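Participant: pasting the sequence and the predicted coordinates here, then a few questions.
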Amino acid sequence: MQYLAGAGVGFLGLVDADILDASNLQRQPIYALSDVGEPKTELARAAIARINPAVQVELHAVRFNAGNALELIRGYDIILDCSDNFRTKYLINDAAVLAHKPAVFASVYQYEGQLQLYKPDPQYACLRCLWPDAIADGIVGNCAEAGVLGPVPGAFGTMQALLTLKILLKMSGQLEGELLLLDFMNFSSMKIKAARRAECRAPACAHIREVAPEDSDIEIALDSLAAAAAQGLDVIDIRSPEEVAARPAPARHIPMQDLLANPGLLAAGRPAVLVCATGRRSLAAARTTLAASPGASESRRATGWGSMPPICRCNSRC
């Protein structure tokens, strides 16, 4: 945001339903400690106005989802993916492909990351050309969970701004059919070929027909884990043994990797609630386990959950 506003990009749209948390500050220096608890979009608009008051800023204080993705993306010339989860990245990708809009992607994991540009041209691959299916969120940690040094996402954000300006100014060197990999642990870099699939004919994609609808809501709100157990739910803590030892919880412990490898560890015929530290891993585990269950989707459509044990995940109140 800082560099695009400073460069004079006259119209910026910001999509974020979040409020500022103190843990964001080490990697999002546009904000200040005194701003904690305020909506990020409003704070960002004020910061942009201080940099360049001529920039028009349009705010969308909503969660980017399947219901609004195409409408939001069609209103802009270039899309920048600044998300920290795979579901949103693939949603941005699919909507950009369907809307024939260029999208600048950056992904960060601890000390490394990658930069990619999609354009509705033959030499540019989208995310699904390289990785047809998204990794379930929670399997690989995001910035908040896996840890990241603040300058790492800052560096990738700066490169996203640079690549965006190159597109606007029609400059060369726009990662045409390439993926840029950077490892800041040893300051190594590598560019690899990222070719569009042969069956895709730009600007159309052979594999993206629509924005996939959101999964059925599998989150529940409970006052406590004890309340869940009192309701007859099988409360499963999927954290690592080290996490459980450091902070025990009144739940049956099945590490996430064990549950994914053997869903039969769940009690047959008993509704289960999966919990973890923040809810991301439990949500990923619930979705993955449901997807692997024979007839799961048919059962949900026909009779809610049918005879299959419900698998939910607690929200942060647990």
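Facilitator: Here it is on my side, so go on.

Participant: which parts of the stretch 51-200 of the chain are strands?
Facilitator: With strands called from DSSP state E, counting those that start in this stretch, the stretch 51-200 of the chain shows them at 56-60, 79-81, 103-109, 112-118, 178-183, 188-193.

Participant: relative to the shortest one, what are the paired strands and their orientations?
Facilitator: It stands for strand 79-81. In the sheet, strand 79-81 lines up against strand 103-109 (parallel) (DSSP bridges).

Participant: any idea which helix or strand carries Leu274?
Facilitator: strand 272-275 (DSSP states H and E).

Participant: same question but for Ile48, I mixed them up
Facilitator: Per DSSP H and E: helix 40-51 holds Ile48.

Participant: relative to strand 56-60, how tilted is that helix?
Facilitator: For helix 40-51 against strand 56-60, the angle by axes from the mean of the first three to the mean of the last three Cα atoms, to 10 degrees is 170 degrees.

Participant: thinking again about what came up before, now the strand holding Leu274: average pLDDT?
Facilitator: Mean per-residue pLDDT for strand 272-275: 87.

Participant: just checking, what packs against that strand?
Facilitator: strand 234-237, helix 280-292, strand 311-314 (3 or more Cβ pairs under 8 Å, 6 or more residues apart in numbering; DSSP states H and E). Yep, even glycine has a C-beta here, placed from its N, CA and C like the rest.

Participant: for Ala251, find the nearest of those.
Facilitator: Ala251 sits nearest to strand 234-237 of all the helices and strands packed on strand 272-275, at 3.9 Å, using Cβ to Cβ.

Participant: buried sites along the closest one?
Facilitator: Of the residues in strand 234-237, 234-237 count as buried by neighbour count, 16 or more other Cβ atoms under 10 Å.

Participant: now stretch 52-66
Facilitator: For stretch 52-66, by 16+ other Cβ under 10 Å, it's 52, 55, 57, 59-60, 64, 66.

Participant: repeat that for stretch 97-106.
Facilitator: Applying a neighbour-count criterion of 16+ other Cβ under 10 Å, one finds 97-99, 101-106 buried in stretch 97-106.

Participant: and if you look at stretch 197-208?
Facilitator: Buried-residue list, stretch 197-208, by 16+ other Cβ under 10 Å: 200, 205, 208.

Participant: give me the nearest residue to the first one, chain neighbours excluded.
Facilitator: Here the nearest residue to Cys200 in space, its sequence neighbours aside, is Ala206; by Cβ to Cβ, 6 or more residues apart in numbering that works out to 4.9 Å.

Participant: how much space between that neighbour and Val97?
Facilitator: Using Cβ to Cβ, to the nearest Å, we find Ala206 at a distance of 11 Å from Val97.

Participant: what of Asp237?
Facilitator: Taking Cβ to Cβ, one finds Asp237 at 39 Å from Val97.
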